[in-house]
Structure formats: structure tokens, C-alpha cells
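Participant: One predicted model, sequence on top.
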Amino acid sequence: MTLLRRQSTRHLSVLRSVSRRMSGHVAASALVFSTVVAGCAAQPPAAPVANPGPQGSRGTPEGCQADKLGDDALIGKTEADAIALLKGCAWRFGNREGQSMPGTMDYNPQRRTLDVLGGKVTAVRRG
């Protein structure tokens, strides 16, 4: 009987030791997890994005002044001039200085999509 008690006491001490080590690992894992989650939290942008899309809106009281001109009239204009002409129109950037901008899958024949390179409009598409 005493041999059995000694063995069971030894087993209990081993189990307690393992349990203490495991609780340390669990605490360390929880700390690492919370650090990773905190690092992935949304951060404010470093610098504001100029003209985020979508840029134009339909149905403004002034109407779309560019409808009086053909789309080709925008090609070669500076970005600022084109934006001024498109006041009251539905429009967006398709490609701006080599960076593709997000678009939508809906077709809107009134909306113009502008490509700008070197500060000048290089292409205008509808849809």
C-alpha cells in the first residue's frame, strides 16, 4: 500500500508541475494573440487621399455642363480643368498616374471614367 501511495504522490507532483508549465504557456499565448490583434486594428491613414472616388454625382441642380461638349473635349485638359468641367456630372478616375482605381460592375451611360497621366486626361470612357 505504501508503494502505491508513493507512486500516486509522485504522479500528482508531476501533474501539478506540468499544469503550472501549461498555464504559463496559455498565458503567453493569450498575450501574443492580444498583441497581434491590437497590431491589426484599423489605423488612420498617414496622409489624406486626394480625390477619393466616386467623385461625381448625378442630379445636381446645375446639371452636367460637360454634356454640352463631347467627351473628346476633355482629353488633353489638366486634371483640375476636367474636374471643373465635370461639376454636376457622374464621373470617376479609372487610372490615375498609373494606379488603377476601384470601379463598379454596373453600367451607367452618363458616368465618365477618366484616365489621367502626368496631370492630363488621356482617355474618357462611358459606363
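Facilitator: Perfect, I can see it now. This structure is a prediction, so every number in the text was calculated from the model and none was measured. Numbering: from 1, shown residues only.
Participant: so where's this protein uncertain?
Facilitator: Under the criterion pLDDT under 70, the flagged ranges of the chain are 1-8, 10-62.
Participant: Strands of that one, residue ranges please.
Facilitator: 91-96, 99-100, 112-117, 120-126 (DSSP state E).
Participant: now could you export just the CA positions of the last one as CSV?
Facilitator: Right, the one you point to is strand 120-126. Extracted in CSV, the C-alpha atoms of strand 120-126 (Å, rounded to 0.1, in the frame of the first residue of the first chain):
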residue,chain,number,x,y,z
LYS,A,120,-3.5,65.4,-68.0
VAL,A,121,-6.6,63.5,-69.1
THR,A,122,-5.5,60.8,-71.6
ALA,A,123,-8.8,58.8,-72.0
VAL,A,124,-12.5,59.2,-71.3
ARG,A,125,-14.9,56.2,-71.3
ARG,A,126,-18.6,56.0,-70.6
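Participant: How about residues contacting that strand?
Facilitator: Contact partners of strand 120-126, identified using CB atoms under 8 Å, 6 or more residues apart in numbering, comprise 71-72, 74-79, 82, 94-95, 109-116. Backbone N, C-alpha and C define where each C-beta goes, glycine included.
Participant: ok so, going back, nearest to A66 among the strands of the chain would be which one?
Facilitator: strand 112-117 (7.3 Å; CB to CB).
Participant: ok, back up a step: take the strands of the chain and write them to JSON lines, including distance to Q65 and mean neighbour count.
Facilitator: Below are these laid out as JSON lines (distance: least, CB to CB, whole Å; neighbours: other CB atoms under 10 Å):
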{"stretch": "strand 91-96", "distance to Q65": "12", "mean neighbour count": "20"}
{"stretch": "strand 99-100", "distance to Q65": "27", "mean neighbour count": "9"}
{"stretch": "strand 112-117", "distance to Q65": "12", "mean neighbour count": "21"}
{"stretch": "strand 120-126", "distance to Q65": "15", "mean neighbour count": "15"}
